[in-house]
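J.: coordinates only, sequence not included:
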């Protein structure tokens, strides 16, 4: 996704602007080092480490906070902490617009769907599971309406079809 390169560009710009103030350069370099470590942990599948790292970075992220929250929610999703991922991503979607909102909705919808699938796997087919499926579908539908280019291979479209089948099966 092209949106993944924004934090590095923002960090470079912020660090160059910070060069005018003594002491800020080392703080920027430290933040960039910690961000790189968190990102590497996420990419290598060390999700617990990524979650801890992003959680710590968010506190001092400044204008990069929304991006770090998105990556944090993605790490939660990958760690199978679906309800937490959905909560973080949904809150982020509520406070952003455009492609940033679409990216947060993609994580939120995917997390809600995965949570519903876990419920179904455990034999829970009640109203709470149906509500998760509906919320997942709504998030993914909006994500696609905002920026369908974030789904170049059709994974979200396919996920919506799976959700529709599950809803039909459950009478929802």
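T.: Yep, that arrived. These figures come from a predicted structure and were not determined experimentally.

J.: wait, what's in contact with residue 120?
T.: 129, 166 (CB atoms under 8 Å, 6 or more residues apart in numbering). To be clear about C-beta, it is placed using only N, CA and C from the backbone, and glycine gets the same treatment.

J.: so it is in which element?
T.: Using DSSP states H and E, residue 120 maps to helix 98-121.

J.: from the chain's centre, how far out does that helix sit?
T.: Using CA atoms, centre = their mean, to the nearest Å, the distance from the centre of helix 98-121 to the centre of the chain it belongs to is 9 Å.

J.: any idea which element residue 31 lies in?
T.: Applying DSSP H and E as the criterion places residue 31 in helix 24-43.

J.: which positions in that helix come out as buried?
T.: Neighbour counts over helix 24-43 (16 or more other CB atoms under 10 Å) mark 28, 31, 32, 35, 38, 39, 41, 42 as buried.

J.: how about JSON lines for these, with pLDDT and distance to residue 170 added?
T.: What follows is the buried residues of helix 24-43, written out as JSON lines (pLDDT from 0 to 100; distance: CB to CB, whole Å):
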{"residue": "28", "pLDDT": "75", "distance to residue 170": "51"}
{"residue": "31", "pLDDT": "91", "distance to residue 170": "46"}
{"residue": "32", "pLDDT": "91", "distance to residue 170": "47"}
{"residue": "35", "pLDDT": "94", "distance to residue 170": "41"}
{"residue": "38", "pLDDT": "96", "distance to residue 170": "38"}
{"residue": "39", "pLDDT": "95", "distance to residue 170": "38"}
{"residue": "41", "pLDDT": "97", "distance to residue 170": "37"}
{"residue": "42", "pLDDT": "96", "distance to residue 170": "33"}
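
J.: next, the contact list for the residue lying closest to residue 82 once chain neighbours are set aside, please.
T.: Nearest residue to residue 82, sequence neighbours excluded (CB to CB, 6 or more residues apart in numbering): residue 115, at 3.7 Å. By CB under 8 Å, 6+ apart, residue 115 lies in contact with 82, 83, 86, 132.

J.: quick check, pLDDT for residue 115.
T.: Looking at residue 115, its pLDDT is 98.

J.: by mean pLDDT, which helix or strand of this structure comes out lowest?
T.: helix 6-18 (a mean of 40; mean pLDDT, DSSP states H and E).

J.: tilt between the helix or strand following the helix holding residue 120 and helix 98-121?
T.: Moving toward the C-terminus from helix 98-121, the next helix or strand (DSSP H and E) is helix 127-147. Calculated by axes from the mean of the first three to the mean of the last three CA atoms, to 10 degrees, helix 127-147 forms an angle of 160 degrees with helix 98-121.
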